[in-house]
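**Q** Need coordinates for the below:
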Amino acid sequence: MLRTRSPVRPLSPADRDAALELCAADLPRSVFVAARILEVGRTGSLGSVLGHRTEGALTSLCWSSANIVPVATTEESRPLFAERVRRWRGRCASVFGPREEVEGLWQHLDPHWGPARAVRVSQPLLVAHRPPSLLGVPLDPRVRPARPDEVDVVLPAAEHMFTAEIGYPPYAGSGRGYRASLAALIARGHTYVVVEGGEVVFKTDIGSLALGAAQLQGVWLAPRLRGQGLAVPMLASVVEQVMAGPAPLVTLYVNDFNLAARATYARLGFRQVGEFSTVLL
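**A** Have a look, this model is predicted:
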């Protein structure tokens, strides 16, 4: 019996430009995958990116590593991606991305991977195009990129943010790998902080940077300082610096129930352009 070759298979270096073009068609939704393609492409390997082809043309993608992240998937391609990755349950921590794509993909993965630890059904996807200062928002001058020698100063804030957001610590046992990933962010100038008395009291990161867009993640303010109106000028300073530097477009997504954060982002000029979902495994 002849086997039909699946239209889903890992990308090769020759697919890089076509994959980035697909991401660029809706960059706020796809910047995570675009950034990963640029990062792994430096090594010449794109094996973590699965592509679906229709009549030879690349039509959708799925980043398939510790996170499963779909790009431009369809009702036709989702079950094919799910079939390809369903044996990887032990390697994956989450499925996230555009809501309709995640829900469609999870429908096929749930019988093999479920139950999920948690499902964040509605996460508004936001973008900002204008520097907050042009909107009259004050900037906190203390906000700056963390220095490479401040990894251990930033680490407690990063751990606290991750645990509060996800519901469990970022590592079990040795924290060497987590510290190394944080150090890499800081080395690239992608972690912004306010440090007072040797302690980080505010932090956020550029989690993904590609094609003129930066996606912020890990926005955190020390609990004792919350409710005082400090987050707006601090985050405004981050957005201002990012727009003046690596990316004119800033994006992020937020849990729909986090009303305080959503109010902060609205004051900074962020507007909703889509909706994400996250399945935590």
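**Q** Could you check the pLDDT of the residue nearest to Leu230 when sequence neighbours are not counted?
**A** With sequence-adjacent residues excluded and distances taken as C-beta to C-beta, 6 or more residues apart in numbering, Leu230 is closest to Leu221, at 6.5 Å. Every C-beta, even on glycine, is put in place using the N, C-alpha and C of the backbone. Each residue has a pLDDT score; the one for Leu221 is 97.
**Q** Now the phi/psi pair for Leu221, please.
**A** Reported as degrees, to the nearest 10, the phi and psi values for Leu221 are phi -130, psi 140.
**Q** Please apply the same query to Arg144.
**A** phi -150, psi 160.
**Q** With Arg84 instead?
**A** Recorded main-chain torsions at Arg84 are phi -70, psi -40, according to degrees, to the nearest 10.
**Q** same thing with Gly167?
**A** Residue torsions, per degrees, to the nearest 10, at Gly167 are phi 100, psi 0.
**Q** I'd like the next helix or strand past the helix or strand harbouring Gly104.
**A** Assignment of secondary structure by DSSP states H and E places Gly104 within helix 99-113. Next in sequence after helix 99-113, counting helices and strands by DSSP H and E, comes strand 118-128.
**Q** and the angle for the helix holding Gly104 with strand 118-128?
**A** With axes from the mean of the first three to the mean of the last three C-alpha atoms, to 10 degrees defining the directions, helix 99-113 sits at 160 degrees from strand 118-128.
**Q** Need the residues that contact helix 99-113.
**A** Residues lying outside helix 99-113 but in contact with it, judged by C-beta atoms under 8 Å, 6 or more residues apart in numbering, are 62, 68, 70, 73, 75, 78-79, 81-83, 85-86, 89, 92, 95-96, 116, 119, 121-123, 274-279, 281.
**Q** Could I have the ChimeraX command that selects the buried members from those residues?
**A** The buried subset of the contacts of helix 99-113, as determined by 16 or more other C-beta atoms under 10 Å, is captured in ChimeraX by this line:
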select :62,68,70,73,78,79,81,82,85,92,95,96,116,121,123,274,275,276,277,278,279,281
